[in-house]
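> Model the following, please.
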Amino acid sequence: MRTVGAAIAISTALLLVAQLATASLHVGLERDQQLAKDRNDWTEIGKASDDSTHKLVFALKQRNLAELQGKLLSVSSPSSTQYGEFLSVEEIDELIRPSQATLQTVHNWLSSAGVADDNVCSLTRGKEFLECDVTVKQASDLLSVEFYKYKQDDVTVIRAAGHYSVPVHVEQHIDFVGGVHRLPRHSSKITNTTQYRVARAHGLGAVEPKTIRELYGIGSTVGAGAEDTNIQAVAQFLNQHYHAADLTHFMEKYAADFTHMSKVAKEIGPDSGHAGIEASLDIEYIMSVGANIPTWFWSTAGEHEGQEPFLLWIEAVANTSTIPNVISVSYGDDEDTLSASYMKRISVEFQKLGLRGVSILFASGDDGAGCHKQIFRPNFPASSPYITAVGGTLQESEGKEYGVSFSSGGFSNVFGTASYQSSDVHEYLAKAEKLPEERFFNKSGRGYPDVSALATDFIVINNLFPVPASGTSCASPTFASVVSLVNDQLINKHQKSPLGFLNPFLYSTGFNGLTDIMNGCNEGCNGKGFCAAPGWDPVTGLGTPQFEKLLEEALKAKSI
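I've put the predicted structure just below:
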């Protein structure tokens, strides 16, 4: 008969054997993610050296995600008794912070490769992301994949040559690993040629702040200039920056008739010294349409070999305790080039922003419905149910708007139709004329864009010269600035909370503060995409803003 001590020793030994066996088993993550080597716009230039430094970002699994979603919809829906009762960042962290088991398991795994030292790894405030500077050799050993260098123009990145895997006991604690696959890309392109000629062909002059203020009923309305209550921001990537002299010149020339600010209230991130048209456009129009509202310029360089710029920005936002009420972003990629786990996790970060009372708006993209392998090609993050996607319109000579052909919109292949938009989407699918064949799109997917705004022939001051620009990158800061003005009235005049996550409000009652755009089609496979229609549609969403009416609807919602 064995003694008790012997039995314990045998059990411990068996447990160690089991752990070692488990550690040797690996499971693949992000198997649906497009590989760098399969991108024809990047060129492989050789294997990365083992001693090269590389940045990995571990997206640690968070808890209570169903509760997070429920709370977001409660504080964002006018019909809820909790409407506008946003949570603090500390309360959100407490709700969904990764478990201690997750933190310990990942720490032990990294330690086994000599990685988990505090000098090379750091957690975000909420412990949702763990960022580590490792050698390529360590990255290869951890993820069982080789890394190569890829080049596009003057940008070089290090990425995996194949799909990666992690030990099976680690897989349940990680959503994805950043710095392995995704490549930098701007899918919302600034165009100063084709769309400019289209606008001119319709007899239109250039769009400037005065044009927008007249069209959307803003007039001379400006913000209170109170930085402690209302802030707006634009986010930029890949060394996009602006020149202060351009902003000053733009404001002197196009904003002289109303009170405004000519300086950015706060800059976050590096200044490349290069004035990009997109950055100039964003900051000039959000500060002139959303005039006299303190504005942040949030920059992420993203040209270091190991960096993934959009993910680094998401990390930075998660790590910032006080953030603007409205953020406009012109950045995206095709859904089919990204893994579902990545998009779903990024959408969790969007939910956290909404629960904090932030309205985050994304340009919907400039590829119409898109087309790849003879099906439409949705764009992310525009397809996320937890942001407000902004499509584009063109103004006719008599002042009316219609959907412009490049305005990206359609239906997600990853996210289902959002509950707040289900009746609108179903009505469009049931009644729309000229609807594309069902084989081209997922009729049960999240429909986007949600709203729209002018997107052609904007005049931008760049390097002290006026240049025309078109794209939904024009539309996003335009709509965002209108939201900022509404927030300013809510907060500073009526002592109400800001709008926060916009979509439940917009689809329930806020649409009464918009102009329904019922004409215009976007491009798709064989040249044909979707067409605008009464109500919501995948070209212009619910429509373009009318400031006074939108404010009226917001005040009604806040008084329920």
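
> Can you get me a residue count around C371?
Using other C-beta atoms under 10 Å, C371 is surrounded by 18 other residues. Every residue, glycine included, has its C-beta placed from N, CA and C.

> wait, doesn't it sit right on G527?
No - using C-beta atoms under 8 Å, C371 is not in contact with G527; the gap is 9.0 Å.

> Find the residues that touch each one of these two.
Contact criterion C-beta atoms under 8 Å, 6 or more residues apart in numbering; no residue bridges C371 and G527 by contacting each.

> Show the contacting residues for E548.
Here E548 is in contact with G217 (C-beta under 8 Å, 6+ apart).

> any idea how far A432 is from it?
Taking C-beta to C-beta, to the nearest Å as the measure, E548 falls 30 Å from A432.

> do G368 as well
16 Å.

> So between those two, which is more surrounded?
More crowded of G368 and A432, by other C-beta under 10 Å: G368, with 28 against 17.

> Report whether that one is found in a helix, as I expect.
No - under DSSP: H, G, I helix; E, B strand; the rest coil, G368 sits outside any helix and is assigned coil.

> can I assume it is in contact with C531?
No - in this structure G368 lies outside contact range of C531 using C-beta under 8 Å: 11.2 Å.

> Common neighbours of the two, please.
In contact with both G368 and C531: N522, using C-beta under 8 Å, 6+ apart.

> Which residue ranges of the stretch 201-350 of the chain form helices?
209-215, 244-254, 277-289, 309-318, 340-355 (DSSP state H, counting those that start in this stretch).

> so what's the residue positioned nearest the centre of the chain up against?
Among the residues of the chain, the one closest to the centroid is P381, at 4.7 Å (C-alpha atoms, centre = their mean). Going by C-beta under 8 Å, 6+ apart, P381 touches 329, 331-332, 343, 346-347, 350, 362, 387.

> before we move on, what about D246?
Per C-beta under 8 Å, 6+ apart, neighbours of D246: 275, 280, 284, 461-464.

> okay, now K434: neighbour count?
The number of residues packed near K434 is 10, by other C-beta under 10 Å.

> hang on, it packs against A532?
No - in this structure, K434 is not within contact of A532 by C-beta under 8 Å, at 10.1 Å.

> Between these two, which contacts overlap?
Joint contacts of K434 and A532 (C-beta under 8 Å, 6+ apart) are C521.

> what bits of the chain have low per-residue confidence?
1-24, 185-205, 238-239, 272-273, 301-308, 560 (pLDDT under 70).

> go with 50
Within the chain, the stretches with pLDDT under 50 are 1-19, 186-189, 191-204, 303-306.

> Pull out the buried positions in stretch 43-53.
48, 52 (16 or more other C-beta atoms under 10 Å).

> Contacts for it next, please.
Residues contacting stretch 43-53 (C-beta under 8 Å, 6+ apart): 36-37, 54, 133-137, 140, 146-152, 156, 158, 305-306.

> Wasn't K434 part of a helix?
No - counting by three-state DSSP, K434 is not found in a helix; it is coil.

> partners of the helix or strand where L130 lies, with directions?
L130 is part of strand 129-135 when elements are defined by DSSP states H and E. Looking at strand 129-135 with DSSP bridges, its partner strands are strand 53-60 (antiparallel), strand 121-123 (antiparallel).

> Going by neighbour count, which residues of the longest one are buried?
Going back to what we said before, that points to strand 53-60. 54-60.

> Adding distance to F440, write the residues you listed out as TSV.
Below are the buried residues of strand 53-60 laid out as TSV (distance: C-beta to C-beta, whole Å):
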residue	distance to F440
H54	40
K55	39
L56	38
V57	35
F58	37
A59	32
L60	38
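
> Return the member of those residues nearest to G513.
Nearest to G513 among the buried residues of strand 53-60: A59, at 36.7 Å, using C-beta to C-beta.

> so what's the closest one up against?
Per C-beta under 8 Å, 6+ apart, neighbours of A59: 128-129, 174-178, 345.

> With D32 as the reference, measure out to K344.
K344 is 12 Å from D32, by C-beta to C-beta.

> all helices in the stretch 1-150 of the chain, in order from the N-terminus.
Using DSSP H, counting those that start in this stretch, helices in the stretch 1-150 of the chain cover 4-23, 65-76, 89-96, 100-111, 136-143.

> mind checking how far the fourth one is from the chain centre?
What it means is helix 100-111. Remark: helix 100-111 is offset 29 Å from the chain centroid, using C-alpha atoms, centre = their mean, to the nearest Å.

> Likewise for the last one?
For helix 136-143, the gap between its own C-alpha mean and the chain's C-alpha mean amounts to 29 Å (C-alpha atoms, centre = their mean).

> List the contacts of that helix.
With C-beta under 8 Å, 6+ apart, helix 136-143 has contacts from 48-54, 56, 109-110, 113-115, 134, 146-147, 158, 160, 164-166, 177, 179-180.

> hmm, 6 Å instead?
The contact list for helix 136-143, computed with C-beta atoms under 6 Å, 6 or more residues apart in numbering, reads 48, 50, 52, 54, 56, 113, 115, 146-147, 164.

> in stretch 396-409, what's buried?
401-409.

> how close does the closest residue to C132 other than its chain neighbours get to I212?
Nearest residue to C132, sequence neighbours excluded (C-beta to C-beta, 6 or more residues apart in numbering): C121, at 4.2 Å. Separation of C121 from I212 (C-beta to C-beta) stands at 46 Å.

> More neighbours: which of those two?
I212 (22 against 19).

> Give me the number of neighbouring residues for the closest residue in space to that one that isn't next to it in sequence.
Spatial nearest neighbour of I212, chain neighbours left out: V289 (5.3 Å); criterion: C-beta to C-beta, 6+ apart. Per other C-beta under 10 Å, the neighbour tally for V289 reads 27.
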